[in-house]
Each structure stands twice: as structure tokens, then as C-alpha cells.
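Colleague: fold the following, please.
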Amino acid sequence: MSFSGQWTVDGGHWVTHAAQSAAARQLLAGLLGHEAVVEHDSHGAPYLPAHPELHISLSHCRTAVAVAVHTQAVGIDIESRRKINPSLIERVCTPDEQAAIHRSDDPTMAFLQLWTRKEAVLKCQGTGIKGFESMVHALEAADIAVQELPCDLPDTVAALATAV
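Modeller: Here you go, the predicted model:
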């Protein structure tokens, strides 16, 4: 493969987890140019046995799927608007982040933007969410660059993290 990294997002409405996973694998096939076997390591992180030189990350929610492929560690997350329990904000955000969310014109989407960034970093690190405590300081990882992804889907946010 000649690319260093690519990502893609697609919208839809998938009723089951299996349908979401199938949609993500279809997006992955589009990026790779062929279907590929995806396996999962002991932390649940997906990988391609036939392409050990590539790192992949998959994410899905009720209305969207996202996939990233890179030659370095990568993490992607996508979320659509949903009801957020205020106690979750307290459990996964620093006090400064909590204050910014509460000052926002749209606290739900402000929280989801932060959540996607944090989950993308944890996926990039290869750990995923190991309890909500792991999310509090996730954005402090010095060796990972994280960015919000353009997402033309209504009420949907996505983020990508890559090793630097």
C-alpha cells in the first residue's frame, strides 16, 4: 500500500450492532481497495492480519460509521446526538472541560465533540476505554495528534487521532 493514512465517514441508519459493523467493514474495503479479514487483539483493537504494516480503527453509532487506515497508530470515533447523563460529564471530563461544556450554546454536542476526541486518543493508544477514569486526561497524551473530522451528517461529530 502506498498511502500513509486515510479515513472516511458514511451516514445511514443501522438497527443492529451487526449491521453497523458490516457497514464499517464495507467502508474499510473501500479504503483498502479490497475486502480484508479483520481480527481483534486482546484489548479488542481491530487489526488486519494480511497487512501488519497498517493500523486500522473502526467506529459506529446509530446513524454513522467511520473508518481510518494508517501506517502509524490511529484511532477514530464518531457519535451522533443522544441524551447525555450529567453524571457522565462529571466522570470523564476535567473541571475546566465541564465548565466549557456548560457554557456552550449546545452542551450535548460540546460534550460529544470532547468525547470523540478522547475516545479516538484511547483507541490510538491501543487501550480503548478501560473505565471512565481513563478518559479524564486522555487529551494530555503528548505523542498523539487529535483533530475533529469534517462530518456533513446532521448532529454528528467525529475525531481522528494519530501517533506523531
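
Colleague: with residue 78 as the reference, measure out to residue 95.
Modeller: Distance, residue 95 to residue 78, using CB to CB, to the nearest Å: 27 Å. Heads up, the C-betas are built off the backbone N, CA and C, glycines and all.

Colleague: ok, the two, which is more surrounded?
Modeller: It is residue 78, of residue 95 and residue 78, that has more neighbours when counted by other CB atoms under 10 Å, with 29 against 8.

Colleague: tell me what the more buried one is bridged to.
Modeller: On the basis of DSSP bridges, residue 78 is bridged to residue 158.

Colleague: hmm, it is touching residue 116, no?
Modeller: Yes - shown here, residue 78 and residue 116 form a contact pair, counting by CB atoms under 8 Å, at 6.7 Å.

Colleague: so for these two, which residues contact both of them?
Modeller: Contact with both residue 78 and residue 116 is made by residues 157, 158, according to CB atoms under 8 Å, 6 or more residues apart in numbering.

Colleague: okay, now residue 156: neighbour count?
Modeller: Residue 156 has 21 neighbours, counted by other CB under 10 Å.

Colleague: can we start the residue count at 553 from this point?
Modeller: Shifting the count to begin at 553 puts that one at residue 708.

Colleague: quick one: residues contacting it.
Modeller: Contact analysis of residue 708 by CB under 8 Å, 6+ apart lists 563, 613, 615, 616, 630, 631, 632, 633.

Colleague: again, only this time at 10 Å
Modeller: 561, 563, 613-616, 618, 630-633, 661, 664, 668 (CB atoms under 10 Å, 6 or more residues apart in numbering).

Colleague: over to residue 620?
Modeller: Contacts for residue 620 were tallied using CB under 10 Å, 6+ apart; they are 557-561, 579-580, 583, 607-611, 626-629, 672, 675-676, 701, 710, 712-714.

Colleague: from residue 613, how far out is the one residue sitting closest to the centre of the chain?
Modeller: For the chain, the residue sitting closest to the mean C-alpha position, by CA atoms, centre = their mean, is residue 629 at 1.4 Å. Using CB to CB, residue 629 is found at 9 Å from residue 613.

Colleague: now for those two: what residues contact both?
Modeller: 664, 668, 709, 710.
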